[in-house]
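Undergrad: Sequence first, then the predicted structure, then my questions.
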Amino acid sequence: MTAAYLQPYMVLCVGWLLPTISMVALFLWIETGEAAPNADD
């Protein structure tokens with residue numbers, strides 16, 4: 001019962017958590033200069 005009740009909530013959480021974490025990680029990765037072509041600027 002509980003699992004079936006929480007399933008939509010879990011799907012919603014994972015649905016926005018994964019893209020958010022991915023975008024934040026990518027943003028931080030670029031901001032640290034790892035992916036920037038002119039990192040020495």
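TA: Yep, that arrived.
Undergrad: and residue 6, helix, strand or coil?
TA: Put simply, residue 6 is helix when judged by DSSP: H, G, I helix; E, B strand; the rest coil.
Undergrad: Can you get me a residue count around it?
TA: 11 (other CB atoms under 10 Å). To be clear about C-beta, it is placed using only N, CA and C from the backbone, and glycine gets the same treatment.
Undergrad: ok, now how distant is it from residue 27?
TA: Remark: distance between residue 6 and residue 27 (CB to CB, to the nearest Å) = 30 Å.
Undergrad: same question, residue 20
TA: Taking CB to CB, one finds residue 20 at 11 Å from residue 27.
Undergrad: what about dumping the CA coordinates of stretch 13-25 to PDB?
TA: What follows is stretch 13-25, C-alpha atoms only, in PDB (Å, rounded to 0.1, in the frame of the first residue of the first chain):
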ATOM      1  CA  CYS A  13      11.300  13.500  -7.200                       C
ATOM      2  CA  VAL A  14      13.600  11.400  -9.400                       C
ATOM      3  CA  GLY A  15      12.200  13.200 -12.500                       C
ATOM      4  CA  TRP A  16      13.400  16.600 -11.300                       C
ATOM      5  CA  LEU A  17      16.300  15.600  -9.100                       C
ATOM      6  CA  LEU A  18      18.300  13.800 -11.700                       C
ATOM      7  CA  PRO A  19      18.200  16.600 -14.300                       C
ATOM      8  CA  THR A  20      18.800  19.200 -11.600                       C
ATOM      9  CA  ILE A  21      21.800  17.400 -10.200                       C
ATOM     10  CA  SER A  22      23.100  16.800 -13.800                       C
ATOM     11  CA  MET A  23      22.800  20.400 -14.700                       C
ATOM     12  CA  VAL A  24      24.400  21.600 -11.500                       C
ATOM     13  CA  ALA A  25      27.300  19.200 -11.900                       C
END
